[in-house]
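> Got a predicted structure here, sequence first:
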Amino acid sequence: MAALHPFRALRPAPGAADQVASVPYDVVNVDEARALAAGHPLSFLHVTRSEIDLPPGTNPYDARVYEQAVRNLETLKRAAPLVMEDEPSLYLYRLRAGTHEQTGLAGCFSVDEYDRGSIKRHEKTRKDKEDDRTRHITELRAQTGVVFLTYRAAPAIDEVVRRASSARALYDFTADDGVSHTIWRLTGEDVRALVAAFGALPALYIADGHHRAASAARARAALPGSREAATFIAVAFPDREVRILPYNRVVKDLGAKTPATLLSALGPIVRPSSAQAEPARQGDVSMFLDGRWHMLRLPAPPPGTPRADALDVEVLQQQVLAPFLGIGDPRTDKRIDFVGGIRGPTELERLVASGRAAVAFSLYPVAVEDLLAIADAGDIMPPKSTWFEPKLRDGLLVHLI
């Protein structure tokens, strides 16, 4: 079963929602966060990336950063203002980007289920990132980052979503990136129906936000007297609506190779030069090298290969990046970097043309069913396999613990 808990959200007054809402803390670096928050005193980045309000060069893990976050949250409560819900509620959260639309259920979910593995994960986490967000949660006594869950779609949930989303929304605005965010507050029978429907689900899956979930679990252990810390805030979307974009690769140099010798080494997997920058099918990878796009056809994994090892990102790593470019562990190798698919092939071309990278690889996206199957098998996906888009915004729903 999947336990779903209504909660009393701390949220912006409706007129301030678009000013408070910010991109997730972990999709921008400190310079990007500072630029986005400049001239926007209500931006929730002042809470999630509070180092932007300290002198440049401040260590993001310095105690002053967390102290500043506490002060900034208290200031935002008054200035926005932020209001506390009178009674525990659930919420629908709809994201719309162009023709794509997805509607999820926002509420709190069980840390016990996360610890037991019935809220399934597919990604390893880093201790330093866990340490940071755990301290952020315990210092603020608030979960400010929302976990992105998915589940195999269920008609009983679909019915409540259709009915409840026809009502007047609590928030409805379009952010600077063109993504529309609409939130409805649910109470009464809708809440009871959703709690029952989620209780019938066999499992939930973390799509994005593994570090947020892990940090919530660690914060619960650090705050044993807090009942609210036994749950974490998330938005759960049906699997058929989730959109995964590729997580592309750039390599800073060719090692001992030249463009000509790399192409020669790749040999039979290089297709004739193509202007197509985004692959149209699994197994194809577009490579930008020496000012031109080339199409690679990856070798098919042998029968019986574990699903995680058969993903294009892993085949590329084992068949191209490791043997021909000397990229070892992509989690730690400083010569490789990763570019979210939302930036498109133009960003890959720019990085190579600027000299910041020597070669770029544009991949076909991982399927949602692959993610679910790998998590069901208890396996881990290769690093930087998925880029979920559109992104939830921070600051619209905060869970105080």
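Structure received. Numbers count the residues shown, from 1 in each chain.
> What lies in contact with the longest helix along the chain?
In the chain, taking DSSP state H as the definition, the longest helix is helix 63-79. Residues outside helix 63-79 that contact it (C-beta atoms under 8 Å, 6 or more residues apart in numbering) are 10, 20, 41-42, 44, 46-48, 50-51, 53-54, 58-59, 82, 135-136, 139-140, 142, 144. Backbone N, C-alpha and C define where each C-beta goes, glycine included.
> mind exporting it as CSV, just the C-alpha atoms?
Extracted C-alpha coordinates of helix 63-79, given in CSV (Å, rounded to 0.1, in the frame of the first residue of the first chain):
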residue,chain,number,x,y,z
ALA,A,63,26.8,27.4,9.3
ARG,A,64,26.0,31.0,8.3
VAL,A,65,24.2,29.7,5.2
TYR,A,66,21.7,27.7,7.3
GLU,A,67,21.3,30.6,9.8
GLN,A,68,20.6,32.9,6.8
ALA,A,69,18.0,30.5,5.5
VAL,A,70,16.2,30.5,8.8
ARG,A,71,16.1,34.3,8.8
ASN,A,72,15.0,34.5,5.2
LEU,A,73,12.1,32.1,5.8
GLU,A,74,10.9,34.2,8.7
THR,A,75,11.2,37.3,6.6
LEU,A,76,9.3,35.7,3.7
LYS,A,77,6.5,34.6,6.0
ARG,A,78,5.8,38.3,6.8
ALA,A,79,6.7,39.9,3.4
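> Quick check: buried residues in it?
Using 16 or more other C-beta atoms under 10 Å as the test for burial, helix 63-79 gives Val65, Tyr66, Gln68, Ala69, Val70, Asn72, Leu73, Leu76.
> just to revisit the earlier point, let's see which of the contacts of helix 63-79 end up in helices.
Reading helices off the contacts of helix 63-79 with DSSP H, I get Val20, His46, Val47, Thr48, Arg135, His136, Glu139, Leu140.
> Between all of these, which two are separated the most?
Val20 and Arg135 (22.7 Å; C-beta to C-beta).
> In terms of neighbours, single out the busier of those two.
Val20 (27 against 19; other C-beta atoms under 10 Å).
> who touches Lys257 in this structure?
Ala265, Phe324, Leu325.
> Doesn't it lie inside a strand?
No - read with DSSP: H, G, I helix; E, B strand; the rest coil, Lys257 is coil and lies in no strand.
> Asp290 contacts Pro259, doesn't it?
Yes - in this structure, Asp290 is within contact of Pro259 by C-beta atoms under 8 Å, at 3.9 Å.
> what pLDDT does the residue nearest in space to the middle of the chain get?
A centroid search over the chain (C-alpha atoms, centre = their mean) returns Asp208, at 3.8 Å, as the residue closest to the centre. At Asp208, the pLDDT value in this model is 96.
> Pro272 too?
For Pro272, pLDDT reads 78.
> do the one 5 residues further on as well
Ala277 is assigned 85 on the pLDDT scale.
> So what's the residue count around it?
17.
> Next, work out how far apart it and Gly145 are.
33 Å (C-beta to C-beta, to the nearest Å).
> Which parts of the stretch 301-401 of the chain are helices?
With helices called from DSSP state H, counting those that start in this stretch, the stretch 301-401 of the chain shows them at 312-316, 322-325, 344-353, 368-376.
> Let me know which of these is the nearest to Glu189.
Nearest of the helices of the stretch 301-401 of the chain to Glu189, taken as C-beta to C-beta: helix 368-376 at 30.1 Å.
> Output the buried residues of helix 63-79 as JSON lines; include the columns distance to Ser273 and pLDDT.
Converted to JSON lines, those look like this (distance: C-beta to C-beta, whole Å; pLDDT from 0 to 100):
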{"residue": "Val65", "distance to Ser273": "49", "pLDDT": "98"}
{"residue": "Tyr66", "distance to Ser273": "52", "pLDDT": "98"}
{"residue": "Gln68", "distance to Ser273": "52", "pLDDT": "98"}
{"residue": "Ala69", "distance to Ser273": "51", "pLDDT": "98"}
{"residue": "Val70", "distance to Ser273": "56", "pLDDT": "98"}
{"residue": "Asn72", "distance to Ser273": "52", "pLDDT": "98"}
{"residue": "Leu73", "distance to Ser273": "54", "pLDDT": "98"}
{"residue": "Leu76", "distance to Ser273": "53", "pLDDT": "98"}
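> Of those residues, which is the nearest to Ser362?
Using C-beta to C-beta, the buried residues of helix 63-79 come closest to Ser362 at Val65, 35.8 Å.
> Now do the closest one against Val398, distance only.
18 Å.
> before we move on, what about Ala200?
In terms of C-beta to C-beta, Ala200 sits 29 Å off from Val398.
> Report the buried residues of the longest strand along the chain.
Ranked by number of residues, the top strand in the chain under DSSP state E is strand 100-110. Going by neighbour count (16+ other C-beta under 10 Å), the buried part of strand 100-110 is Gln102, Thr103, Gly104, Leu105, Ala106, Gly107, Cys108, Phe109, Ser110.
> Show me the beta-bridge partners of the nearest residue to the fifth one once chain neighbours are set aside.
Going back to what we said before, that points to Ala106. Among residues not flanking Ala106 along the chain, Tyr91 sits closest, at 4.0 Å (C-beta to C-beta, 6 or more residues apart in numbering). Tyr91 has these beta-bridge partners by DSSP bridges: Ala106, Arg185.
> And for Tyr91, the neighbour number?
Neighbours of Tyr91 (other C-beta under 10 Å): 23.
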